[in-house]
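> Sequence first, then the predicted structure:
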Protein chains: 2
Amino acid sequence: MAIAEELNYYPSAAARNLQRRKTNTIAFAPWMGDHSSSRSFFKEIVGVLALGCLKYDLSLLVTGANSAEEINENLREVAGSGRVDGIIVADIKPDDARVALLLEIGIPFVVFGRTLDYTSLSYPLVDVDGAAGIRAMVQYLYNKGHRRIAYISSPFNTTYALHRYHGYQESLVNCGLEEDARLVAAGLEEPENVRAAINRLFELPEGEQPSAIVAASDSLALNTIYSLQERGLMVGQGLGQVAVTGFDDLPFAAFLRPPLTTVRQPIEATCAALLDLLVLVMRQEQEDGTLPEISQPGLVKLGEKQFLLEPELVLRESA
Amino acid sequence: MAIAEELNYYPSAAARNLQRRKTNTIAFAPWMGDHSSSRSFFKEIVGVLALGCLKYDLSLLVTGANSAEEINENLREVAGSGRVDGIIVADIKPDDARVALLLEIGIPFVVFGRTLDYTSLSYPLVDVDGAAGIRAMVQYLYNKGHRRIAYISSPFNTTYALHRYHGYQESLVNCGLEEDARLVAAGLEEPENVRAAINRLFELPEGEQPSAIVAASDSLALNTIYSLQERGLMVGQGLGQVAVTGFDDLPFAAFLRPPLTTVRQPIEATCAALLDLLVLVMRQEQEDGTLPEISQPGLVKLGEKQFLLEPELVLRESA
DNA sequence: GTAGCTATCCAAAACGTTTTGGAAAACGCC
DNA sequence: GGCGTTTTCCAAAACGTTTTGGATAGCTAC
């Protein structure tokens, strides 16, 4: 050991990997598409994952891809060549082909998020319970006295957008409120579309206008706030003000004026759960021994290897 | 080939790596410290790097580390074991030990940023010319008629903070203005400190107060704007307004009210230059053949393997 | 047809570890 | 001291590629 130290010797990773048939490396495969809204959240994750890997002595390989074909080809190559022992798939689309691909290849993997298959238990996953987050938010607004609660969403072509919307519907039922289609605007992305939607909301007859607006994401909430301010409306919880809430707790949320009440994505907990679960799946793959239990505060067990994380309400001045 | 396709065969990466003594993998080693301000910028980079790697058929390994010792140990291991062919070091500190370490190990590497060694040409680097960015900004403000231009900075314990400040000083000279120590506030990080600094600026005698405030980062600019608004001052370029500028063009900059005039970090260009340079160094390492020229719009050649990128002014309504 | 050269082919070596398995050593017991 | 068992030791095999180099085949020119 002394001589090794002196010679600055480190065992060759390639030779080790070859003989042990194991790389101690996992891949992080986000979507990397043009979808800027989801992108900003997944950027947050990389760093936390990298730090989390230290605990398990894993290295983190980040795969980029410009298109759907490229990501699949990439995944095939990375998994097929044995470059990694496991894969974390993020930013899943409703009809994402990656899950099927990975099941076919037979490499250990964990998905962050759910495909459209709402209650899918066929693959290991961790997801933030968006429906629960929105439910908690709507309930909070209801308790504050709001009865006309509008909902603003991005297009329903992502699973999380759907889950969050379902949360809105569920909590309306829980609160004994009727869903009013005129208070729901989905498919919004560009600021202009948000502005148009907000304008429509406040062209409703007097007593039918919303007193609170729940946005499905922080960036929608941001544009909602500006749209309201442009109309000369005040944002906040006070009398004559319109309450606005977001979802994600992106870095800017606290710096808006007024600071945004929102639902915080539990990034650290999510990453920890993803890693714990992936390591479990990888171990189980080689020696079918006893699998350690995965448990964390706020973690709901959906199935054998499926977990949901409760997000947290962050109350600020916008509601 | 048909049979390989049919059997879903992919060559073993480990065996290849072993024989070729080459991994086609590079490491990205950011600081990953607690430094939240720099962190947000480096998160931006990972994704772009991952995409850029595709061009060169490289994989990207992201190393995490919780402390200075850990990052060094990590770097030693990754480089020593031959896990990667080259390393991109980011978020460099003035007295960063990583450069010396990598030089000693003798692995190809590229640094994003400069150590305190202001004109260091002893290792390959790419940096954004912060001084040039601030110079352009001050010159712009001068041309708009501003003569009392204040400067707000984070602590001078990072190289980029120093460079940017030097840019401020240089452009004052260029514009024929005297530096007024009362208009410079450095060492700021927390919102309260920024507020205090702003308050001091506007407790100056009438004609000596600043008409423009150049902040060394977007987050400082954000707190500057709020501090001004709390004092009842209007932010913008108009009459009786205080102009405020930032640096980085973080995602929220465009969404502030008023939208922030700032200096945009050329992320894509930076990543492209880093990769081009690293690939060059790696190739040169093995076969000392002809090295292709690295050239990009806005790229200034500082030395044989040292490049500076001109950042770009983004003019919005805050100035 | 043959000499001299180049192109093709393929079995064997090499890459640097870990695993394997047989031999030697150590141990425990009667 | 001898037998059976366990532990230690170490040379050789294995991991799955790419490289090597000697042999064979293919050309060209006389």
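Yep, it's here. Note that the structure is a prediction, hence the values are computed from the model and not measured. Numbers count the residues shown, from 1 in each chain, chains lettered A, B, ... in the order given.

> Show me the shaky parts of the stretch 151-300 of chain A.
In the predicted model, the stretch 151-300 of chain A carries pLDDT under 70 at residues A:286-292.

> need the strands for it, in chain order.
Under the criterion DSSP state E, counting those that start in this stretch, strands of the stretch 151-300 of chain A are mapped to A:184-185, A:212-215, A:243-245, A:262-264, A:299-303.

> who touches the third one?
Where contact means CB atoms under 8 Å, 6 or more residues apart in numbering or on different chains, the residues beyond strand A:243-245 that reach it are A:137, A:141, A:144, A:146, A:211-215, A:221, A:224-225, A:228, A:235-237, A:260-263, A:318-319. C-beta here means a position set from N, CA and C on the backbone, and glycine is covered the same way.

> Now the buried members of the residues you listed.
Neighbour counting by 16 or more other CB atoms under 10 Å in any protein chain shown classes A:137, A:141, A:146, A:211-215, A:221, A:224-225, A:228, A:235-237, A:260-263, A:318-319 among those as buried.

> Going by residue numbers, what spans are helices in the stretch 201-319 of chain A?
A:218-230, A:267-286 (DSSP state H, counting those that start in this stretch).

> what's next to the first one, contact-wise?
The one in question is helix A:218-230. With contact meaning CB under 8 Å, 6+ apart, helix A:218-230 is reached by A:37, A:152-154, A:188, A:191, A:194-195, A:198-199, A:213, A:215, A:234-235, A:242, A:244-250, A:252-253, A:256, A:258, A:260, A:262, A:318, B:255, B:257.

> for stretch A:302-313, same thing?
Against stretch A:302-313 from outside (CB under 8 Å, 6+ apart): A:119-121, A:123-130, A:132-133, A:136-137, A:140, A:261, A:263-266, A:269-270, A:273, A:277, A:280-281, A:294, A:296, A:298-301.

> Need the distance between the two termini of that stretch.
22 Å (CA to CA, to the nearest Å).

> List the contacts of the nearest residue to residue A:233 once chain neighbours are set aside.
Sequence neighbours aside, residue A:242 is the residue nearest to residue A:233 in space, at 5.4 Å (criterion: CB to CB, 6 or more residues apart in numbering or on different chains). Residue A:242 is in contact with A:210-213, A:228, A:233-236, counting by CB under 8 Å, 6+ apart.

> do the host helix or strand of residue A:54 and chain B meet?
Residue A:54 is part of helix A:36-56 when elements are defined by DSSP states H and E. Yes. For helix A:36-56, a contact with chain B is found by CB under 8 Å from any CB of the partner chain, at A:39-40, A:43-44, A:46-47, A:49-54.

> To which secondary structure element type does residue A:110 belong?
What DSSP: H, G, I helix; E, B strand; the rest coil gives for residue A:110 is strand.

> for the helices of the stretch 201-319 of chain A, which one ends up most surrounded?
helix A:218-230 (a mean of 23; mean count of other CB atoms under 10 Å in any protein chain shown).

> Looking at chain A, what residue ends up closest to DNA strand D?
Of all residues in chain A, the one sitting closest to DNA strand D is residue A:19 (3.7 Å; CB to the nearest atom of the strand).

> Tell me the helix or strand right after the strand or helix carrying that residue.
Take DSSP H and E as the rule and residue A:19 turns out to sit in helix A:13-20. Going down the chain from helix A:13-20, the next helix or strand is strand A:25-29, by DSSP H and E.

> which secondary structure elements does that next one contact?
Strand A:25-29 is packed against helix A:36-56, strand A:59-62, helix A:68-80, strand A:86-89, with contacts defined by 3 or more CB pairs under 8 Å, 6 or more residues apart in numbering or on different chains; DSSP states H and E.

> gap between residue A:19 and residue A:13?
The spacing between residue A:19 and residue A:13, counted by CB to CB, to the nearest Å, is 11 Å.

> Looking at those two, which is more packed in?
More crowded of residue A:19 and residue A:13, by other CB atoms under 10 Å in any protein chain shown: residue A:13, with 24 against 10.

> wait, doesn't the more buried one sit right on residue B:82?
Yes. Here residue A:13 lies in contact with residue B:82, judged by CB atoms under 8 Å, at a distance of 5.8 Å.

> Identify the contacts common to those two.
Shared contacts of residue A:13 and residue B:82 (CB under 8 Å, 6+ apart): B:17, B:23.

> So residue A:165 is in contact with residue A:151, correct?
Yes. Using CB under 8 Å, residue A:165 makes contact with residue A:151 at a distance of 6.9 Å.

> Mutual contacts of these two, please.
Common contact partners of residue A:165 and residue A:151 (CB under 8 Å, 6+ apart): A:184, A:186, A:216.

> quick one: the nearest residue to residue A:44 once chain neighbours are set aside from residue B:127, how far?
Using CB to CB, 6+ apart and skipping the chain neighbours, the partner closest in space to residue A:44 is residue A:267 (5.5 Å). Note on residue A:267: its distance to residue B:127, by CB to CB, is 30 Å.

> cool, and residue A:213?
Counting by CB to CB, the gap from residue A:213 to residue B:127 is 44 Å.

> And for residue A:92?
Distance from residue A:92 to residue B:127, counting by CB to CB: 37 Å.

> Kindly report the same for residue A:281.
42 Å.

> To residue A:7, which of the helices of the stretch 201-319 of chain A lies closest?
Among the helices of the stretch 201-319 of chain A, helix A:267-286 comes nearest to residue A:7, with 32.9 Å by CB to CB.

> Need the contact partners of that closest one.
A:26, A:44-45, A:48-49, A:52-53, A:55-56, A:58, A:85-88, A:108-110, A:112, A:124, A:126, A:128, A:289, A:291-292, A:294, A:296-299, A:305, A:307, A:309.
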